[in-house]
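K.L.:
Give me a 3D structure for the following:
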Amino acid sequence: MRTSSMIIFLLIALSIYSLINFYIFRRGWQALSGMGTLRYIFLAIFLFLVLSYPAARFAERLHRSRLTEIFIFIGAFYLALMVHLLLLVLFVDIVRLGNKFLHYFPSRITEHAQKAGQIAFFAVGVTALMIVVGGIVNALYLRVRTLDLAVDKSAGEVRALNIVLVSDIHLGTIVRSSRLEKIVERINELKPDLVLMPGDIADEDISPPEAKKMAAVLQKLQARYGVFSATGNHEYYGGLERNLAYLRQGKVMVLMDEAVKVGNSFYVIGRKDLTARQFGERRKPLAKILESVDSQLPLILLDHQPVHLEEAEQNGIDLQLSGHTHNGQLFPLNLINKFFYEDNWGYLRKGKTQYYVSCGVGTWGPSMRTASVPEIVQIKLRFR
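P.N.:
Prediction:
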């Protein structure tokens, strides 16, 4: 990615982050009017939380340590808290604005505005914390979603496949090898014929010792026909070659605009993520990748971002598997996502092409979900 583009992106992101936090802080400071020392305790805690994530990310570029990891962990959870504080503070402000016109507040609130503000402050804070804790608990428990699908093609002697789809693990500073162990155990319990990973297995530049552990855990995956992956945007963000190296050490076959014939019965096709273009790489047209493919056999495509879905349909793909969206991960981002993706999460059929977009098994940023559950998808795929 060009340095100038990265600088512009960071400036925009930091500006939005600063404005949101200024708004939350200003409302909190106003609500604590008349509470003296408590106001300054709030200021100190707030600044600590707000600065933790950006400061730690900058510091780890200079020197990665256990301390930077702790601050990233704290800052990531503040990101989730910030989202819910913003929504709740906006809600309170809308209610207050409505009262100016409709005068629905009882006199005990209007006559004791300062005390009402203090109560609102604590109510908003406790509610946001409860939502975050609930989201953390939700993200801990893996769920298995089962799909029964059929493809109207022959796969030779293979009559059916037990496929396990797992996307968006986001291994890194927060989601570590201990979490990966649980995911791999759950996958193996399903006794898959084929494990497919449509990108974002890695989240960022992982320390060599942790990368070695993760590769060892990935090697434990058991599938008759192997483990295949495509790249996601985060494989690029964290350093593509380093991330690909430890995935391959984990016996994961990463397909970069490639098609592989499996068991002389079906094809698995993996595309480079769209982000490749930002790093000066070309992404082959799907038609070019399929030039030497026998289209009479079932075609299974891994493409991380579920955009331009018509391309798979136009090129005779039988099943496309994607991830990336997380189904928003945090409410209300799941609702916003629906405006950007034809298939934000779940199953879709267009003509003869079937699609499944997984909301992912991991998390980006804070290890919590309030808009979706972490899913491992078992696909029982039958052939003619």
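
K.L.:
which residues touch the helix or strand of the chain with the lowest mean pLDDT?
P.N.:
One helix or strand of the chain scores below all others by mean pLDDT, DSSP states H and E: helix 107-110, with a mean of 83. Contact with helix 107-110 is made by A116, as judged by CB atoms under 8 Å, 6 or more residues apart in numbering. C-betas here are computed from N, CA, C, even on glycine.

K.L.:
ditto for stretch 34-47
P.N.:
21, 24-25, 28-29, 32-33, 114, 118.

K.L.:
Which SSE is immediately downstream of the least confident helix or strand of the chain?
P.N.:
Counting by DSSP states H and E, the next helix or strand C-terminal to helix 107-110 is helix 113-140.

K.L.:
list the helices and strands that next one packs on?
P.N.:
helix 3-31, helix 66-102 (3 or more CB pairs under 8 Å, 6 or more residues apart in numbering; DSSP states H and E).

K.L.:
Show the subsequent helix or strand relative to the shortest one.
P.N.:
It refers to helix 3-31. helix 37-62.

K.L.:
Flag every buried residue along that following helix.
P.N.:
39, 42, 46, 49-50, 52-54, 56-57, 60 (16 or more other CB atoms under 10 Å).

K.L.:
Mind checking the pLDDT average for stretch 358-376?
P.N.:
Averaging pLDDT along stretch 358-376 yields 92.

K.L.:
Report the buried residues of it.
P.N.:
358-372, 374-376.

K.L.:
again with stretch 102-121
P.N.:
105, 116-118, 120-121.

K.L.:
CSV for these, including distance to L190?
P.N.:
Formatted as CSV, the buried residues of stretch 102-121 follow (distance: CB to CB, whole Å):
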residue, distance to L190
F105, 55
A116, 54
G117, 53
Q118, 52
A120, 48
F121, 47
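
K.L.:
Go through the residues you listed and name the one nearest S15.
P.N.:
In terms of CB to CB, no member of the buried residues of stretch 102-121 lies closer to S15 than F121, at 26.0 Å.

K.L.:
who touches that closest one in this structure?
P.N.:
Counted by CB under 8 Å, 6+ apart, F121 has contacts 28, 31-32.

K.L.:
Please check the contacts of stretch 34-47 and keep the buried ones.
P.N.:
21, 24-25, 28, 32, 118.
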